[in-house]
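Q: Attaching a predicted model along with its sequence, questions to come.
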Amino acid sequence: EVQLVESGGGLVQAGGSLRLSCAASGFTFDDYAIGWFRQAPGKEYEGVSCISSSGGSTVYADSVKGRFTISSDNVKNTAYLQMNSLKPEDTAVYYCAIYFPYSSSCRIRGSVYDYWGQGTQVTVSS
């Protein structure tokens, strides 16, 4: 059974940092691309970042470029999202998700993802 468990969310002041983790099990970790998404209250899901199955390719939404960094550890079967210079508009529930890619890159389009975690709340105060 595929399981994705996010952790690391919390309350932080604007300008602060958080590192989210996505612990994965039930599948061959380095066969899948991993993405991070977020949903703020009353808003649509937004693709934040993804990392290819090889770890060699990453994609970021314009809204987080230069502030967030995605990474993965194939030994620990865990993906991370390092979030720096956080802004109040980053407040959302953050989800990790996986899909089996057919290319060497990845996409932050939610419809291609097969499995999702339960989410972790990130709140940035001003």
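A: That came through, no problem.

Q: my guess is D114 meets P101, correct?
A: No: counting by Cβ atoms under 8 Å, D114 does not reach P101; the two are 10.7 Å apart. For glycine as for every other residue, the C-beta is placed from the backbone atoms N, C-alpha and C.

Q: In terms of neighbours, single out the busier of those two.
A: P101 (19 against 11; other Cβ atoms under 10 Å).

Q: Looks to me like R19 is in a strand.
A: Yes: under DSSP: H, G, I helix; E, B strand; the rest coil, R19 falls within a strand.

Q: quick one: it from E6, how far?
A: Look at R19 and E6: by Cβ to Cβ, to the nearest Å, they are 11 Å apart.

Q: out of those two, which sits in the busier spot?
A: More crowded of R19 and E6, by other Cβ under 10 Å: E6, with 22 against 14.

Q: Now do the more buried one against S103, distance only.
A: E6 is 25 Å from S103, by Cβ to Cβ.

Q: how many other residues sit next to the residue nearest to S49 when sequence neighbours are not counted?
A: Leaving aside its sequence neighbours, S49 sits nearest to I70 (Cβ to Cβ, 6 or more residues apart in numbering; 4.3 Å). By other Cβ under 10 Å, the residues close to I70 number 24.

Q: Listing partners with orientation, what would you give for the helix or strand hosting I70?
A: If you go by DSSP states H and E, I70 is part of strand 68-73. The strands beside strand 68-73 in its sheet (DSSP bridges) come out as strand 78-83 (antiparallel).

Q: export the partner strand as PDB, just CAs?
A: Only the C-alpha atoms of strand 78-83 are listed here, as PDB (Å, rounded to 0.1, in the frame of the first residue of the first chain):
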ATOM      1  CA  THR A  78      11.800  10.900   2.000                       C
ATOM      2  CA  ALA A  79      11.300  14.100   0.000                       C
ATOM      3  CA  TYR A  80      11.800  17.500   1.500                       C
ATOM      4  CA  LEU A  81      10.600  21.000   0.800                       C
ATOM      5  CA  GLN A  82      12.900  23.700   2.400                       C
ATOM      6  CA  MET A  83      10.900  26.900   2.600                       C
END
